[in-house]
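Enquirer: Got a predicted model here, sequence first, then my questions.
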Protein chains: 2
Amino acid sequence: MRPYSGEKLCVRCFCLSIENKVRVTIAKYDMLRFDDKIAIGVSGGKDSVALLHIMTKLEESFPNAKLTAVLVDEGIKGYRDEALKIAEKGCRKLGVKHVVVSFKEMFGYELDELVERLREKEPDGGGLTPCAYCGVLRRRALNSAARSCGATKLATAHNLDDETQTILLNILHGDPLRIARVKPVSSSTHFSFVCRIKPFCEILEKETTLYAYLKKIEFQSIPCPYASTALRNDIRTMLNRMEEKHSGLKYTTYRSAEKLWSSIENKAKAEKQKNCKICGEPTVNEICQPCKMLQSL
Amino acid sequence: MRPYSGEKLCVRCFCLSIENKVRVTIAKYDMLRFDDKIAIGVSGGKDSVALLHIMTKLEESFPNAKLTAVLVDEGIKGYRDEALKIAEKGCRKLGVKHVVVSFKEMFGYELDELVERLREKEPDGGGLTPCAYCGVLRRRALNSAARSCGATKLATAHNLDDETQTILLNILHGDPLRIARVKPVSSSTHFSFVCRIKPFCEILEKETTLYAYLKKIEFQSIPCPYASTALRNDIRTMLNRMEEKHSGLKYTTYRSAEKLWSSIENKAKAEKQKNCKICGEPTVNEICQPCKMLQSL
């Protein structure tokens, strides 16, 4: 049963409801055109394999659209290597072309090496967790790979839980203007930036997971060894507890962000994007975050 | 020790630090002029009696300022009646003039009667808790009483905990534009509206409580019998847990609201204030909330 709506669904209807919700979300936020070349970031985790599955189904009705899976190998032994195998297998099964890009090729370090270097340099991590580095570099890797494939859109599998966690994280961190980045369709107009879309943004994690289980889709289920023990985890626990008691709360939190977007957008836009002096990629400062991070090593 | 700053203070220095923080907050947000006639809402709880104590001290340096305590008798047997006695005793001890206004006189009902009527009419409360009614009516009572005293400012003892709870409550409720109301100085320009200020807005509840204890100020310590079991309580618990693990979090949350104020103010202001068709008090709708609530009974 869905606590937030009271519906009771059988397996088939539940799966259809998720696929339909993705269709509705794509239409609601005007995420796709009939002829978009779509890159999907696939990590091998439950959300991304479920998204790949659903997008492959949807694409069948659009002969001029094209789908490519982008797999990022951050270089995390015993974790990402296995997830990548699962992701590759999933792509072959669905007949979706895939490309793999690695941190090692692109930035010169595997994440494992990078973390080791960081720990040598600053035993306390210099205030940044491995997740902070990984997040910034992965976003860059995804964008570059999507651009290389000629993609016009880059779909990621961020779900409602991810987005509401980010909203609260930004509020609790004192950084509310970053809520603009939670938007379901990114609004950057920089020429080298592939427009990001989030077709799962209004679907609960519980439901994307259940979808993957019911559809018997193989996915990586062990957590990342670097998984942050920081604020985001506490926010996740707290939000799940609150959602259990006050069902629908994640939706209303997302609605808050939606209402804030138009107000904070102007402020966020004021930070105009320039080209990074080192790599030429879009940035609001002189040097982009990935380059700054790599320089600090 | 203050976890967020690392300071270790003796009793005397701690109390001075709180008094000083109030002084700094008043200056920072330009809350008061040297000749303001200040009404303070005093409930008899720890925050309001501590604020009364500190404001009395501060007022000594401003011979043209005037202080009046406003006590609201909501009509809650076994609770507010005792708190009022404590509040009155505190005022006499400090030599501060006080006025008492009651829900019964002003609106025709004690809160106890109102709750009983509500339960008869709608056993589920019609979606609104006693706190929702009490809050709206108390704000109106405070404003009217302050205006009757000729006050130019109305000080309330909302502390940092209250304010961050309200910020998160609004986000989780899907009502982020209400964050504009958390401002330390209210910006309504309606002629019958007494400008509200919150000199404790940047002080943790833990510290206002400790101040009241250390100064041996008598206060009401039992909780209100109607105390809401709703979302705010869960948010309070969650924020306290998080502050313990990530100290300073309540401050950064408040900073978020501060950064949002200018962005959302225009939207909030768009809801221009008119005069209520029944009582003439300021409202954004045709009929003000207190009148709407009273009509529904």
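Expert: Yep, that arrived. Residues are numbered from 1 along each chain as shown, chains lettered A, B, ... in the order given.
Enquirer: Chain B contacts on the stretch 51-200 of chain A?
Expert: A:167-168, A:170-177 (CB under 8 Å from any CB of the partner chain). Every residue, glycine included, has its C-beta placed from N, CA and C.
Enquirer: Please produce a ChimeraX select command covering the buried subset of those.
Expert: Filtering those down to the buried ones (16 or more other CB atoms under 10 Å in any protein chain shown) takes a single ChimeraX command:
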select /A:167,168,170,171,172,173,174,176,177
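Enquirer: Can I get the residues of the stretch 51-200 of chain A next to chain B in TSV including distance to A:Val24?
Expert: TSV is the format used below for those (distance: CB to CB, whole Å):
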residue	distance to A:Val24
A:Ile167	21
A:Leu168	25
A:Asn170	26
A:Ile171	28
A:Leu172	31
A:His173	32
A:Gly174	34
A:Asp175	31
A:Pro176	28
A:Leu177	29
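Enquirer: Now do stretch A:59-77: distance from first to last residue.
Expert: Criterion CA to CA, to the nearest Å; first-to-last residue distance in stretch A:59-77 is 34 Å.
Enquirer: Please work out the average pLDDT along that stretch.
Expert: Computed over stretch A:59-77, the mean pLDDT rounds to 93.
Enquirer: mind listing what's buried in that stretch?
Expert: Neighbour counts over stretch A:59-77 (16+ other CB under 10 Å) mark A:59, A:65-76 as buried.
Enquirer: quick one: which of those residues sit in helices?
Expert: Among those, the residues falling in helices (DSSP state H) are A:Glu59.
Enquirer: Just put the buried residues of stretch A:59-77 in CSV and tack on distance to A:Pro199.
Expert: Shown next, in CSV, are the buried residues of stretch A:59-77 (distance: CB to CB, whole Å):
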residue, distance to A:Pro199
A:Glu59, 12
A:Ala65, 13
A:Lys66, 16
A:Leu67, 12
A:Thr68, 16
A:Ala69, 14
A:Val70, 15
A:Leu71, 18
A:Val72, 19
A:Asp73, 24
A:Glu74, 23
A:Gly75, 28
A:Ile76, 26
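Enquirer: Measure how far stretch A:192-207 is from the centre of its chain, please.
Expert: Centroid separation for stretch A:192-207 versus its chain: 7 Å, with CA atoms, centre = their mean, to the nearest Å.
Enquirer: brain fart, stretch A:173-185
Expert: 14 Å.
Enquirer: Pull out the CA atoms of it and give them to me as CSV.
Expert: Provided in CSV are the C-alpha atoms of stretch A:173-185 (Å, rounded to 0.1, in the frame of the first residue of the first chain):
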residue,chain,number,x,y,z
HIS,A,173,24.4,24.1,5.8
GLY,A,174,23.4,27.8,5.4
ASP,A,175,23.6,27.5,1.6
PRO,A,176,19.9,27.9,0.4
LEU,A,177,20.7,29.3,-3.0
ARG,A,178,22.1,25.9,-4.0
ILE,A,179,18.5,24.7,-3.9
ALA,A,180,18.3,26.1,-7.4
ARG,A,181,20.5,23.2,-8.5
VAL,A,182,17.9,20.6,-7.4
LYS,A,183,15.8,21.6,-10.5
PRO,A,184,14.6,18.6,-12.5
VAL,A,185,16.0,20.2,-15.7
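Enquirer: Give me the contacts around it.
Expert: Residues from elsewhere that reach stretch A:173-185, judged by CB atoms under 8 Å, 6 or more residues apart in numbering or on different chains: A:25, A:29-31, A:163, A:166-167, A:170-171, A:195-198, A:201, A:231, A:257, A:260-261, A:264-265, A:267-268, B:251-253, B:255-257, B:259-260.
Enquirer: Looking from chain B, tell me which residue of the stretch 51-200 of chain A is nearest.
Expert: At 3.4 Å from chain B, A:Gly174 is the closest residue in the stretch 51-200 of chain A, using CB to the nearest CB.
Enquirer: any idea which helix or strand carries that residue?
Expert: Assessed by DSSP states H and E, A:Gly174 sits outside every helix and strand.
Enquirer: What strands line up against the helix or strand bottoming out on mean pLDDT in chain A, and which way round?
Expert: When the helices and strands of chain A are scored by mean pLDDT, DSSP states H and E, strand A:282-283 comes last with a mean of 82. Strand A:282-283 sits in its sheet next to strand A:274-275 (antiparallel), going by DSSP bridges.
Enquirer: model confidence over the partner strand, on average?
Expert: 84.
Enquirer: just to revisit the earlier point, between the buried residues of stretch A:59-77, which sits nearest A:Val42?
Expert: Checking these against A:Val42 by CB to CB gives A:Ala69 as the nearest, at 4.5 Å.
Enquirer: Spell out the secondary structure type for the nearest residue to the closest one once chain neighbours are set aside.
Expert: Ranked by CB to CB, 6 or more residues apart in numbering or on different chains and with sequence neighbours excluded, the top spatial neighbour of A:Ala69 is A:His98, at 3.9 Å. Put simply, A:His98 is strand when judged by DSSP: H, G, I helix; E, B strand; the rest coil.
Enquirer: neighbours around A:His98, how many?
Expert: Using other CB atoms under 10 Å in any protein chain shown, A:His98 has 21 other residues around it.
Enquirer: That one and A:Ala87 touch, don't they?
Expert: Yes. Contact criterion CB atoms under 8 Å: A:His98 and A:Ala87 qualify, at 7.4 Å.
Enquirer: Need the overlap of contacts for these two.
Expert: A:42, A:69, A:71.
Enquirer: For the first one, give me its contacts.
Expert: When contacts are counted by CB under 8 Å, 6+ apart, A:Val42 touches A:48-49, A:51-52, A:69-71, A:87, A:90-91, A:98, A:157.
Enquirer: can I get these in CSV with distance to B:Ser17?
Expert: Below are those laid out as CSV (distance: CB to CB, whole Å):
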residue, distance to B:Ser17
A:Ser48, 51
A:Val49, 55
A:Leu51, 53
A:Leu52, 57
A:Ala69, 58
A:Val70, 54
A:Leu71, 55
A:Ala87, 56
A:Gly90, 59
A:Cys91, 61
A:His98, 60
A:Ala157, 49
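Enquirer: among those, which are in strands?
Expert: Taking DSSP state E as the definition of strands, the contacts of A:Val42 contribute A:69-71, A:98.
Enquirer: in the stretch 1-150 of chain A, which spans are strands?
Expert: Applying DSSP state E, counting those that start in this stretch to the stretch 1-150 of chain A gives strands spanning A:37-41, A:66-73, A:97-102.
Enquirer: Minimum distance to B:Asp36: which of those has it?
Expert: Evaluated with CB to CB, those place strand A:37-41 nearest to B:Asp36, the distance being 57.7 Å.
Enquirer: quick one: average pLDDT of the closest one?
Expert: 97.
Enquirer: May I ask which two of the ones in strands among the contacts of A:Val42 are separated the most?
Expert: Across the ones in strands among the contacts of A:Val42, no pair lies farther apart than A:Val70 and A:His98, at 7.3 Å, counting by CB to CB.
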